[in-house]
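Trainee: I would like the atomic coordinates for the input below:
(2 chains)
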Amino acid sequence: MTGAPMPVRKPRSVDLAGLGYNVAALVLAIGVAVVIGGLAVELSGHNAISAYRLMLRYAACNQADSSTPCTADSVIDIINRAVPYYLSALAVAIGFRMALFNIGVEGQYRLAAVAAAIAGVEIHLPAVLQVPLMIIIAMAVGAIWAGIAAVLKVTRGVSEVISTIMLNYIALGLISFILSSYLSGNNTDSNNLSIATPDLPSASQMPGFNRLLHDLGLLGSHPDQVPGFLLVAAIIGTVFYFVVERSRFGFDLRASGLNPFAAQAGGVSSARMIVITMLISGALAGLVGLPYLMGQAYSYSSEFPANLGFNGIAVALLGRNKPIGIAFAAVLWGFLERSAQILDLNGIPQEIYVLMQGSIVLAVVVAYEIVRRAKVRRAEREVARQVPEALGGAVEVTA
Amino acid sequence: MTVPEAEAPLAVELVGITKRFPGVVANRDINLRVRRGQVHAVVGENGAGKSTLMKILYGMQRPDEGTIRVDGKEVAFRSPTDAINAGIGMVHQHFMLADNFTVLENVVLGSEPTRAGRLDRAEARRRIRAISDEYGLGVQPDRIVEDLGVGDRQRVEILKVLYRGARILILDEPTAVLVPQEVDELFGNLAELRAEGVTVVFISHKLDEVLKVADAITVIRAGTTVAEVSPADVTPRDLAQLMVGSELPTPETRESTVTDQVQLSVRGVSLDSAAGGRRLLDDVSFDLHRGEVVGIAGIEGNGQAELVELLIGLRTPRTGTVLLGDTDVTDWPTLRRREAGIGYIPEDRHRQGLLLPSPLWENRVLGHQSRPPSVRGIWIDRRSARADTRRIISEYDVRTPGPDTPAFALSGGNQQKFIVGREMSGDPTVLIAAHPTRGVDVGAQAAIWEHLRQARSSGLATLLVSADLEELIGMSDTLYVMLRGALVARLDPASVTPEQLGSYMTGAALAQGAQS
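Mentor: Here you go, the predicted model:
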């Protein structure tokens, strides 16, 4: 056997095959969830096929039947739901890539949203400065809150799973405290009993894309905006990809996640990586509440959406911790939530979508593990085929 | 030998055993005949298929083809429990004992004699004593395993198997963890077992030991049995040729290339144990010169691993300094040390050496992520890293389809050659090599030795920590013995024998008054 390496199959085609495996796993998982959801519909005494038809038509068209013309309201709603999930899942995913589990996205985004809501009211700058400033404040608050968990882990060895869960509760208490002290000083209308920050001035609002799309002739008039944060999310997803997959920092991050001992022996400081990654994760978490705050509600209130952080964990899992995968997963989540709303109007319990979300996550975890094993076998076969003696010389007897 | 060989009935007979794993045939057409009351050695290189064969015999794997007969009866084992019921027991290379239990508790664990639902210690103690006396094992049932030495632990493992009624013992590389004196004791025990009619299947790749202890030898190469020989008829050379198809390489270095230029100086380094108790490292001092190989001998767990981790920057000493050239690097982090020219071959390549799921080219980057050709600016330079991985693959003869193959898919020897090639990249001045040829086949071992020799003659200063005494004696220019965290002897590798080295490692030679 010569020492020279043998001609190699193009790496690109190997990657394509790997992608094929992943897509197959995803399709399989969704298939399982569709079957489970369908069974639930049937058990509740309705027809599963027609329920799914209803959901699809409503999601695509915003109409329950084909007699009335389509509108884009459902699509816009799905985008509005998907953007926060996307950001939240990215925040979780960057931790996952180095085997850090930030369960605290929930507390981090809420605290960040409160800070941004107050800053947006109290600071008066032109919109071009005000909007970026609010984004920076939110990211900073999220990072600081996650940073507490990082410092505890590095200095005292506290598991980030425990500390971030606990910090979620502390964050909720802190928010109540901040809101009550802030509002008692500011609320001039003593008859107003609802707990909400004052509405953001227009300089603090994130513009949407509706006017641009309208001028381009792509969209009629709609009550809901195509969110401006769609662009922010796309930019962050792109940056995420290049930083994690292509940069030296990303290499250190992934190495620490795959084998922390080898990473340390290779000169990667685990303490430094934990702190930086947690700060990034928290900063991304800080963005999660902003699309709603700055583009829809314009104030932080007791009705502010909850569970965006926890859903982000599921979305990240589904998207394999990669920006493209997460984008699909976030849209799927938004689609299920939106399309399920039509079910209630037809007497079918809409909680079916929660059932489907859960089944998808469960099925996809199983499916990805099957895919992983298939890939391992494929790689081993590849080596055995191309380099027969590489596995202890056991294939060809060279007597 | 108590029974004439030809007349003793067969205790174990394997006929035409074949076992396939995806993409590879681990065993093909294996034939093995072991006569009752004999010590039968199975020899072969690492990766030749010995372990798979023994797992088949012990019921851990099921063969795809072939038959197994025990005492003339055909059997089909579904699990080790079936094998134990048929009187076959296995002593694993790595002991499976609970340290904080007594010998008695360890022996009965899983097959406890009970009286009225409670552990019948008296009965257990009586049986253990009886077995120990019958086979001359000298095992004391009430000692805590933690307090026992390696040889004693091994005897406990053997007794544990006999306690379960085994009449056929499989010993998997039993001498790998023993110093020469303990090996002699083990061979004494084996003689007793044989005298009492117990059959022993002895797996090894150490030829001189095999020739000393075995009544019959079966050689495995490339997954199949290539010869059955009598130890009286063969020399170690003959066996070696049967095993590898060529002569065994030797770890001899040639003329000295040691210079007087100190490349790495360790001065008075101590390290406390986190749990308290005796120090992990106790006032360790030595110099490593340009072109020199300094060997560290010692039984595992005497501070070698801690010394290695300290030198690469994974631990910080309580006192003492480490100088790289003239620079004090005691407080430097790992990456800075690597950038300054220290290479590191870790003792456990899977734990510290590789990102197993990642392609080889990413593994090439590991440890070099701050230097060309791995990076350009803040970005990983994929193209250069791949190209340099191809260089390592060809220069170090790494058998792989290419740089995009994930690391786990390679055999141990090829993984290790790749690590050696990576650590030699970027022109290091100092190499910390911990067990560089552990668990690799003879071919890879010879290649790694040759690379270390070449690097030495071009000026690399190497610290070699190893459990392979031949390797230490053959490769080192200077040899230290480490015991309980301290360097207790400095020996001349040109004149020391493995037996002498072994007695220093256990502390026996020092207790005798250190005549040298």
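
Trainee: ok, and the closest non-adjacent residue to B:Glu362?
Mentor: Spatially, and ignoring its direct neighbours in sequence, B:Glu362 is nearest to B:Leu355 (6.3 Å; CB to CB, 6 or more residues apart in numbering or on different chains). The C-beta positions use only the backbone N, C-alpha and C, and glycine is treated the same way.

Trainee: Name the helix or strand for that neighbour, please.
Mentor: B:Leu355 belongs to no helix or strand when assigned by DSSP states H and E.

Trainee: residues in contact with it?
Mentor: Each residue near B:Leu355 by CB atoms under 8 Å, 6 or more residues apart in numbering or on different chains is listed here: A:Arg254, A:Ala255, A:Leu258, A:Asn259, A:Ala262, A:Ala263, B:Glu362, B:Asn363, B:Leu366, B:Ala407.

Trainee: go with 7 Å
Mentor: The contact partners of B:Leu355, by CB atoms under 7 Å, 6 or more residues apart in numbering or on different chains, come to A:Ala255, A:Leu258, A:Asn259, A:Ala262, B:Glu362, B:Asn363, B:Leu366, B:Ala407.

Trainee: A:Ile162 - how many residues pack around it?
Mentor: Neighbour count of A:Ile162, defined by other CB atoms under 10 Å in any protein chain shown: 13.

Trainee: and it, what element?
Mentor: According to DSSP H and E, A:Ile162 maps onto helix A:160-186.

Trainee: for B:Leu104, same thing?
Mentor: Using DSSP H and E, the element containing B:Leu104 is helix B:103-108.

Trainee: Look at the closest residue to B:Gly136 other than its chain neighbours and report its pLDDT.
Mentor: Take B:Gly136 and drop its neighbours on the chain: the residue closest to it by CB to CB, 6+ apart is B:Glu192, 4.3 Å away. B:Glu192 is assigned 87 on the pLDDT scale.

Trainee: Could you do the one 4 residues further on as well?
Mentor: The predicted local distance difference test score for B:Glu196 is 86.

Trainee: mind checking how far it is from A:Asn62?
Mentor: Taking CB to CB, to the nearest Å as the measure, B:Glu196 falls 87 Å from A:Asn62.

Trainee: picking that back up, quick check: the residue nearest to B:Gly136 touching B:Glu134?
Mentor: No: counting by CB atoms under 7 Å, B:Glu192 stays clear of B:Glu134, with 8.5 Å between them.

Trainee: Helix, strand, or coil at B:Asp287?
Mentor: What DSSP: H, G, I helix; E, B strand; the rest coil gives for B:Asp287 is strand.

Trainee: Tell me how many other residues surround it.
Mentor: As a burial measure, B:Asp287 scores 16 neighbours (other CB under 10 Å).

Trainee: Equivalent analysis for B:Gly66, please.
Mentor: Around B:Gly66 there are 17 other residues, counting by other CB under 10 Å.

Trainee: so it makes contact with B:Gly16?
Mentor: Yes: with contacts counted by CB under 7 Å, B:Gly66 reaches B:Gly16, the gap being 4.1 Å.

Trainee: since we're on B:Ala122, how many residues are nearby?
Mentor: Count around B:Ala122 with other CB under 10 Å applied: 10.

Trainee: How about B:Ser51?
Mentor: Using other CB under 10 Å, the number of residues around B:Ser51 comes to 18.

Trainee: Report the secondary structure state of it.
Mentor: B:Ser51 ends up helix, using three-state DSSP.

Trainee: What residues sit buried inside stretch A:49-66?
Mentor: For stretch A:49-66, burial by neighbour count (16 or more other CB atoms under 10 Å in any protein chain shown) applies to A:Ala51, A:Tyr52, A:Leu54, A:Met55, A:Arg57, A:Tyr58, A:Ala59, A:Cys61, A:Asn62, A:Gln63.

Trainee: any idea which of those is the one closest to B:Gly59?
Mentor: Of all those, B:Gly59 sits closest to A:Tyr52, with 50.7 Å by CB to CB.

Trainee: Work out for me the element the closest one sits within.
Mentor: Assigned by DSSP H and E, A:Tyr52 falls in helix A:48-61.

Trainee: From the rest of the structure, what touches that helix?
Mentor: A:38, A:41-42, A:63-64, A:70, A:74, A:78, A:335, A:338-340, A:342-343, A:346, A:348.

Trainee: Just the buried ones out of those, please.
Mentor: A:Gly38, A:Val41, A:Gln63, A:Ser74, A:Ile78, A:Phe335, A:Arg338, A:Ser339, A:Ala340, A:Ile342, A:Leu343, A:Ile348.

Trainee: Which of these fall in helices?
Mentor: The members of the buried ones among the contacts of helix A:48-61 that map onto helices under DSSP state H are A:Gly38, A:Val41, A:Ser74, A:Ile78, A:Phe335, A:Arg338, A:Ser339, A:Ala340, A:Ile342, A:Leu343.

Trainee: For the residues you listed, give me TSV that also has distance to chain B.
Mentor: Listed next are those as TSV, based on distance: CB to the nearest CB, whole Å:
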residue	distance to chain B
A:Gly38	36
A:Val41	40
A:Ser74	41
A:Ile78	35
A:Phe335	32
A:Arg338	37
A:Ser339	37
A:Ala340	38
A:Ile342	43
A:Leu343	42
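
Trainee: Tell me which other helices or strands whichever strand or helix holds B:Trp361 touches.
Mentor: Secondary structure from DSSP H and E places B:Trp361 in helix B:360-365. The contact analysis (3 or more CB pairs under 7 Å, 6 or more residues apart in numbering or on different chains; DSSP states H and E) places helix B:360-365 against helix B:382-395.

Trainee: Could you list the buried residues of the helix it packs on?
Mentor: Here helix B:382-395 shows B:Arg382, B:Ser384, B:Ala385, B:Arg386, B:Asp388, B:Thr389, B:Arg390, B:Arg391, B:Ile392, B:Ile393 as buried, counting by 16+ other CB under 10 Å.

Trainee: Same check on stretch A:363-371?
Mentor: So stretch A:363-371, judged by 16+ other CB under 10 Å, has buried residues A:Ala363, A:Val364, A:Ala367, A:Tyr368, A:Val371.
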